[in-house]
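# Sequence plus the predicted model coming up.
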Amino acid sequence: MSHAVPALGVVVLCASGCVWYLPAVINVRAGGDRPRSRRLAATACLTGWGTTALLAPLLLAGAAWPTIGGVAAAGGAVCAALRSRALVERRRERRETDRHWAVLGGPAPGEPARPRRAFTGWLLVGLAAAVAVFAAVLAGGAASGARLAGAVAAGAVVTLVFLGLAGVRAHTTARRG
C-alpha cells in the first residue's frame, strides 16, 4: 500500500476531529478567563491533533515508517504529559475550591457523574492500544497474509476488551452519579 492511502485517512480523520480541536482553540485563546487545568487540557488536545495533522505531509513525502512512528510517539508522549499535568492542576483547583467553600461554611458543590466521558476515555485508550498492538505484530517481519490477519485479530481483541471495560466503567459511573 502506498503512503497516499494512510495520508488520506489522516486528513479525513483530522477534518472530522474539528469537534475536539476547535473548542480547544477557543479555550486556549480565552487565556485567563478559563481555569489553568482547562487550558492545559486544551493544549494537550491541540498537541495530539497537531501531531496527527503532521503525519499527513510526512506520509505524502514518503518518509520511512520509523520516522513516522517516531513523530507519532513523540507527539503522543507530549500530549500525555500535558494531559497528566492538566489532571494534577484540576485536582489542585478542586482542593482550593473546597477550601474556599469550607471558609464560607457551605457544602462544596459536587461534580455530576459523566458516564459518556468515562466511556469515551476508555474507548480511546483501547483504540490506541489496538493500533499499537496491530503495529507491533506487523513490525515483527515480512508482511504476509497470515501476519496481517493476526494483526487484525489482535487489534480486534484489544478493541473488544477495552469496549467492554468502557461499558462497565460508564455503567458504574452512572450508578454513582
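Yes, it's here. Numbers count the residues shown, from 1 in each chain.
# Could you use CA atoms for every contact and neighbour count after this?
Fine.
# can you pull the buried residues of stretch 75-92?
Using 16 or more other Cα atoms under 10 Å as the test for burial, stretch 75-92 gives 75-76, 79-80, 82-84, 86-87, 89-90.
# same question, stretch 10-23
10-11, 14, 21.
# how far does it sit from the chain's center?
Once both centres are worked out by Cα atoms, centre = their mean, to the nearest Å, stretch 10-23 turns out to sit 13 Å from its chain's centre.
# tell me the mean pLDDT over that stretch?
Summarised as a single mean, pLDDT over stretch 10-23 is 89.
# likewise stretch 33-48?
95.
# cool, stretch 84-95 as well?
Stretch 84-95 carries an average pLDDT of 94.
# same check, this time on stretch 155-165
The average pLDDT within stretch 155-165 is 90.
# Now do that stretch: everything it contacts.
Stretch 155-165 has contacts (Cα atoms under 8 Å, 6 or more residues apart in numbering) with 122-123, 125-127, 129-131, 133-134.
# Write a ChimeraX command that selects only the buried members of those.
A single ChimeraX command is used to select the members of those judged buried by 16+ other Cα under 10 Å:
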select :122,123,126,127,129,130,131,133,134
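# of all the contacts of stretch 155-165, which two lie farthest apart?
122 and 134 (18.1 Å; Cα to Cα).
# can you list the domains in this protein?
1-111, 112-177 (automatic domain parsing).
# need the next SSE after the helix or strand hosting residue 24, C-terminal direction.
Residue 24 belongs to helix 18-30 when assigned by DSSP states H and E. Tracing the chain past helix 18-30, the next element assigned as helix or strand by DSSP H and E is helix 36-60.
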